[in-house]
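> Have a look; sequence and predicted model below, questions after that.
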Amino acid sequence: MKVDFNKNSDGLVPAIIQDAKTKSVLMLGYMNADALEKTQESGKVTFYSRTKQRLWTKGEESGNFLEVVNIKNDCDQDTLLIQVIPVGPVCHTGSDTCWNEKNESQFGFFSELENTIQHRRNAADGEKSYVASLFDKGINKIAQKVGEEAVETVIEAMDDNDELFLYESADLLFHYLILLQAKGFTLSDIENELMKRKK
């Protein structure tokens with residue numbers, strides 16, 4: 001891997017640290033050639049500390065190492081993307097990331113939908129919604145609704161109307177997310193289960 005350490009007068013390049021599983025950006029550090037070499041040899045992320053003026057392996061004091069999975073160089077060869085498996089919190093404050101965010105898988109709009117379902121489930125009585133009414137009726141009603149939507153999706157799958165198939169598929173997925181929460185699970189739990197089956 002060719003990295004242009006001479007582009008800046010200090011001989012450092014930024015190293016973006018990303019969780020290999022969740023794809024969350026965990027932190028940003030700087031590396032010189034020696035730091036990159038040590039990172040590659042040890043399998044643990046090592047930076048050049050601008051304040052300590054020395055190589056610094058993340059976790060050398062806390063034990064919260066960053067185990068290297070992959071190192072990529074950008075198109076200009078002056079910025080590194082390092083995918084890792086973090087061992088413990090990344091930030092010195094104890095947070096998962098240096099932006100004080102939880103290091104969780106994000107599923108785009110589906111994560112937003114999960115949050116909306118949770119909010120409506122916990123909303124005050126004055127804000128009754130369809131979601132809240134389903135939770136009020138209990139797990140049996142929610143499971144029954146998923147079953148109904150599954151049957152409707154199967155029926156539409158055997159027909160030629162793609163628009164109706166997508167409509168019923170969306171209904172099925174929406175109600176399935178409600179069922180997951182009713183059982184105390186999230187999409188992350190499903191992701192973990194599927195990853196266990198990966199061969």
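Received, thanks.

> what residue is smack in the middle of this structure?
For the chain, residue 105 is the residue whose C-alpha lies nearest the centre (CA atoms, centre = their mean; 2.2 Å).

> you'd agree residue 10 is in a strand?
No - using DSSP: H, G, I helix; E, B strand; the rest coil, the assignment for residue 10 is coil, not a strand.

> Any idea how many residues pack against it?
Neighbourhood size, residue 10 [other CB atoms under 10 Å]: 10. Every C-beta, even on glycine, is put in place using the N, C-alpha and C of the backbone.

> residues in contact with the residue nearest to residue 141 when sequence neighbours are not counted?
Ranked by CB to CB, 6 or more residues apart in numbering and with sequence neighbours excluded, the top spatial neighbour of residue 141 is residue 134, at 6.4 Å. Contact analysis of residue 134 by CB atoms under 8 Å, 6 or more residues apart in numbering lists 141-142, 145, 178.

> Okay, and residue 134 sits in which element?
Assigned by DSSP states H and E, residue 134 falls within helix 130-137.

> and the longest helix seen in the chain, what other elements does it pack with?
Identified as the longest helix of the chain according to DSSP state H is helix 162-182. Using 3 or more CB pairs under 8 Å, 6 or more residues apart in numbering; DSSP states H and E, the elements in contact with helix 162-182 are helix 109-122, helix 130-137, helix 139-157, helix 187-196.
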